[in-house]
Each structure stands twice: as structure tokens, then as C-alpha cells.
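Engineer: Please work out how this folds:
(one chain, ligands or ions: 2)
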Amino acid sequence: MTTQLSRLRPLTARIPGSKSITARALLLAAAARGTSTLWAPLISHDTLAFKAALGDLGVAVENSPSDQYWDVTGIGRAPVGTAKVWCADAGTAARFLPPFSAAGEGTFTFDGSEQLRARPLSPLLKAMTALGAHVETPSAGRLPLTVRAAGLEGGTLRVDSSMSSQFLSGLLMAAPLMRRPVRADLRDSVSRPYLDMTLSLMRRFGADVKEPDNGVVEVHPGSYRPTALVIEPDASTASYVFAAAAATEHKVTLPGLGVHSLQGDLRFVEVLSRLGALVEVSEGSVTVTGTGRLRGGFTIDMGDISDTFMTLAALAPLADAPLTIRGVAHARLKESDRIAAVTHNLRACGIEVDETQDAVTIHPGPLRPARIACYRDHRIAMAFSVLGLAGRVRLTLDDPSCVAKTFPGFHQEMARLFTEYITPEFR
Ligand SMILES: O=C(O)C1=C[C@@H](OP(=O)(O)O)[C@@H](O)[C@H](O)C1
Ligand SMILES: C=C(OP(=O)(O)O)C(=O)O
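Structural biologist: Numbering: from 1, shown residues only. Ligands and ions are numbered 1, 2, ... in the order given. Okay, the predicted model is just below:
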């Protein structure tokens, strides 16, 4: 009966703007000379931290009364002066802003939360040093760090991108501000779609980017130009409502995302299709319809879209056969060790899980109520909220509000869309 009713009334999701596009657009607009308007930016802890960090670096970002858009008054170059920059929990701020600052002049100190301090930075700092930066890191390749900036030389980038693509993204966005052209090989990077997003947005802001070979790029010195940009809904965030639709036989439509999306994580809907959901991706919207059955029995490499691996892991206990997710070793280096967090919490729910360094195999089975350890990781909280809903099991989050890193209104939106959703406050 639920099925027929939901098919008659498709649900329209309201998903906030892409975190990754918002962060990049803020930086590129900051480097441009003049005012850029960013429509529908993400308003969440990470992007507010990024905006405040730019303020520390001397870039003014004005919000419209209801945050419909942000106006960024770019400085037309890399930062100059002295600043203490607080990156909070935002990996994007910690990886994008030091190379941008190093291309300027002055002394810039970066720090962040304990969680962010634990995350790797050394490949980025090594690459910056090779480009001529002077970087001091009392804690050996992690935050806090101080950049004594006198411009960056350019040349061939050599960056170990096996832990994160964010190092290369930060260096690439700083590249037009360097003295010589920059050449980089992107082929060995994890999370490759994020590099393509970086290059697309750099071009949107006027950078001269060439791809002489597939996967090899050259960025030429030049200036960014101010741009008006409409930011798409966040595809990683959308994975939770799409997954919930797939597992509960609802039909959910998200306007504003479509075939031309800059976000690799939209490919998560292909994973849902493999599980048996009906998926339609058009120019201007994405629709996912659950069919009442989740087909498991396959192995999937989610290395390119690892922010969504926990969403699939949360559906896997409900599938009709075991599922293996592999290629996600770098997910151990995010807000939490996400492979360990998934294993721990699924086992707490009574599910059998086999874990290796870069993979999990999840064996479907009956669920039992559990208290979920979020490890202050928004995606663990959101993924297990989907499991609670779809598996009709009482799962309590130890930290429901950690979702605010990327989606402060997550629980409210889930409750608005899915009447059977129990918000954690009432569990
Ligand atoms: O560049 C970006 O905006 C991001 C890149 C990815 O990180 P890694 O490259 O570290 O996998 C992703 O997990 C993160 O949420 C956002
Ligand atoms: C890994 C993530 O964030 P960050 O930008 O801090 O790396 C994430 O949002 O899942």
C-alpha cells in the first residue's frame, strides 16, 4: 500500500549546495579581481569555516539576507600580510588555503580542530616546499603549520595523491598565481572526479588549463576573473535520501542535479540502480524509485566516490546477498577511520562484516537495536540514520548534531520526506 501511495506522490528533496563546489568557488572568487556572486552556497560548518578563513586572509564575503547568495570581493591575487587562519574541521580549508597563501607574500599560520589535526598533510607540504615555499610544521606534516610566503615558482608538480586528491586540487587552484606554468599528472590520484571538478571550476573562473595528454594538465600563469555561479545541490548529501528511497519504495526527485553535474558522487545513483532501484537522470533533475528489493551479490570499487561508500554499507544489510565494497583505503583518513567505523557499527547492529585494509564485505542478516558511535563524523551519522529508517530498527546516534559539518537540517529533511523517520532527539 505504501508503494502505491508513494508512486502517486513523488517526494521532492531539498538538498543544500555542494560543499566541494562552494569551497572551490570561494577560493577562486577570492583570487579573482572584482565581485563574484555564488548562488545557493552550502551553509554548514565546513563552508562557514572556509568563508571565515578567507576573512582571516583579507577576503570579504558578504551574505545576502537569507544566504541565497554570497558576494565575494576578490583581491585579484594571492593573500598578502599576516594572518592566523582557523580551518575548524574542514579538510578543504586545510588543503586548499595553504598553497593559495604560499603563492602570496607574508606569514600565514593554519590550525584546526583535533579531528583535523589528525589528518595527513605532508604530501601537500612536500610539494609546496619543492615549489619554493617555506613551511614550518612543529607536528611533522600535520596542522598547525606556518607558511612564510614569497610566491611560488611553478614547474612540474610531484604529489603523492594516494591519501587524498585535495592536495592536488589546492595546488592546481594556486597554479595560475605561480611564476611559471605548472604541469601535473593526475592519473595516480584517489578521488579523481574531484580533480575534474577543480579543473572545470578553474576554467569557469577564467584559468588557462590545457590537457596535452589524458590525465596530464598544464596550467598557465594568469588571473582569475570574477564569475556568477549557481551551486548545485550536494550529490554526496543526496546519496542519503536516494538510498532511503531505494530501500523504502519511495520515489524521490531532486531538482538542480543532472547529467551535467560537476560532482562524481552523483554516480552513486548507478550503484542504486545496480541494487535494483529505478533511476532517471535528466538535464535538470534526478529521480530514484525503490522497487521493494535490494539485490546484493556483487563487488564494487568505490575509490572514486568514497564519501558514498558508507551509504551503500548502510543498505547492504538489507540486500538479498553479501556485498563487497573495495578501493576505499583512503576513507580511513577522513573525519574518522570510516572503514573501522562502518565495521564497528554494523557489528553492533548484529551484522557480520569482514574487513581488510581497503574493503568491507557485508553479510545481510537480521538487525538489532544499537547505539551508533558517530566518531564526530557527519557521514557515519547520516548513513546509519538511513539504515535505521530502511531497516525499521531503533538506532540511536551518540552525536546526532555532527551532521552540521555538511547538512545542519539533515534530520528535519529526512523527517519531512519520510514520515516513518524517527529523529534522533526522540529516540
Ligand atoms: O576536494 C574535495 O572537495 C573533496 C575530496 C574528497 O577527499 P579525498 O580527495 O581526500 O578523497 C572528498 O572525500 C571530500 O569530501 C571532498
Ligand atoms: C571527507 C570529507 O570532508 P573534508 O572536506 O573535511 O575532507 C567529507 O565531507 O566526507
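
Engineer: Can you give me the pLDDT of the closest residue to S191 other than its chain neighbours?
Structural biologist: Spatial nearest neighbour of S191, chain neighbours left out: S165 (4.0 Å); criterion: CB to CB, 6 or more residues apart in numbering. C-betas here are computed from N, CA, C, even on glycine. pLDDT for S165: 98.

Engineer: just G290 next, same as before
Structural biologist: So G290 comes in at 96 (pLDDT).

Engineer: For R295, which residues are in contact?
Structural biologist: R274, L275, G276, A319, D320, A321 (CB atoms under 8 Å, 6 or more residues apart in numbering).

Engineer: roughly how far apart are the residue in the stretch 1-150 of the chain positioned nearest to ligand 2 and C374?
Structural biologist: Nearest to ligand 2, among the residues of the stretch 1-150 of the chain, is G91, at 2.5 Å (CB to the nearest ligand atom). Distance of G91 to C374, given as CB to CB, to the nearest Å: 17 Å.

Engineer: got it, and G74?
Structural biologist: G74 is 37 Å from C374, by CB to CB.

Engineer: Helices of the stretch 101-250 of the chain, start to end?
Structural biologist: 114-117, 122-130, 166-174, 192-204, 235-248 (DSSP state H, counting those that start in this stretch).

Engineer: want to try a markdown table for those, with distance to ligand 2 and mean neighbour count as columns?
Structural biologist: Conversion of these to a markdown table gives the following (distance: least, CB to the nearest ligand atom, whole Å; neighbours: other CB atoms under 10 Å):
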| stretch | distance to ligand 2 | mean neighbour count |
| --- | --- | --- |
| helix 114-117 | 7 | 16 |
| helix 122-130 | 13 | 20 |
| helix 166-174 | 6 | 28 |
| helix 192-204 | 10 | 20 |
| helix 235-248 | 7 | 28 |
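
Engineer: end to end, how far does stretch 361-381 reach?
Structural biologist: 20 Å (CA to CA, to the nearest Å).

Engineer: What segments of the stretch 301-427 of the chain are helices?
Structural biologist: 309-315, 338-348, 378-390, 410-417.

Engineer: So which of the ones you listed is nearest G141?
Structural biologist: helix 338-348 (21.1 Å; CB to CB).

Engineer: any idea how far the closest one is from the chain center?
Structural biologist: 20 Å (CA atoms, centre = their mean, to the nearest Å).

Engineer: Can I get it in PDB, CA atoms only?
Structural biologist: Output in PDB follows, covering the C-alpha atoms of helix 338-348 (Å, rounded to 0.1, in the frame of the first residue of the first chain):
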ATOM      1  CA  ARG A 338      35.400   5.200   8.000                       C
ATOM      2  CA  ILE A 339      36.100   1.500   7.300                       C
ATOM      3  CA  ALA A 340      36.600   0.800  11.000                       C
ATOM      4  CA  ALA A 341      33.600   3.000  11.900                       C
ATOM      5  CA  VAL A 342      31.300   1.100   9.500                       C
ATOM      6  CA  THR A 343      32.500  -2.300  10.700                       C
ATOM      7  CA  HIS A 344      32.100  -1.400  14.300                       C
ATOM      8  CA  ASN A 345      28.600   0.000  13.900                       C
ATOM      9  CA  LEU A 346      27.300  -2.800  11.600                       C
ATOM     10  CA  ARG A 347      28.600  -5.400  14.100                       C
ATOM     11  CA  ALA A 348      26.800  -3.500  16.900                       C
END
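
Engineer: buried subset of the contacts of R295?
Structural biologist: R274, L275, G276, A319 (16 or more other CB atoms under 10 Å).

Engineer: residues from the stretch 51-200 of the chain in reach of ligand 2?
Structural biologist: The stretch 51-200 of the chain has residues A90, G91, T92 near ligand 2, with proximity defined as CB under 6 Å from any ligand atom.

Engineer: quick one: low-confidence parts of this protein?
Structural biologist: Residue ranges of the chain with pLDDT under 70: 1-8, 426-427.

Engineer: Can you name the residues of it sitting close to ligand 1?
Structural biologist: Going by CB under 6 Å from any ligand atom, the residues of the chain near ligand 1 are S20, T92, S164, S165, Q166, S169, V190, S191, Y194, S306, D307, H330.

Engineer: quick one: which of these is nearest K126?
Structural biologist: Closest to K126, out of all of the residues of the chain next to ligand 1 and judged by CB to CB, is S164, at 13.3 Å.
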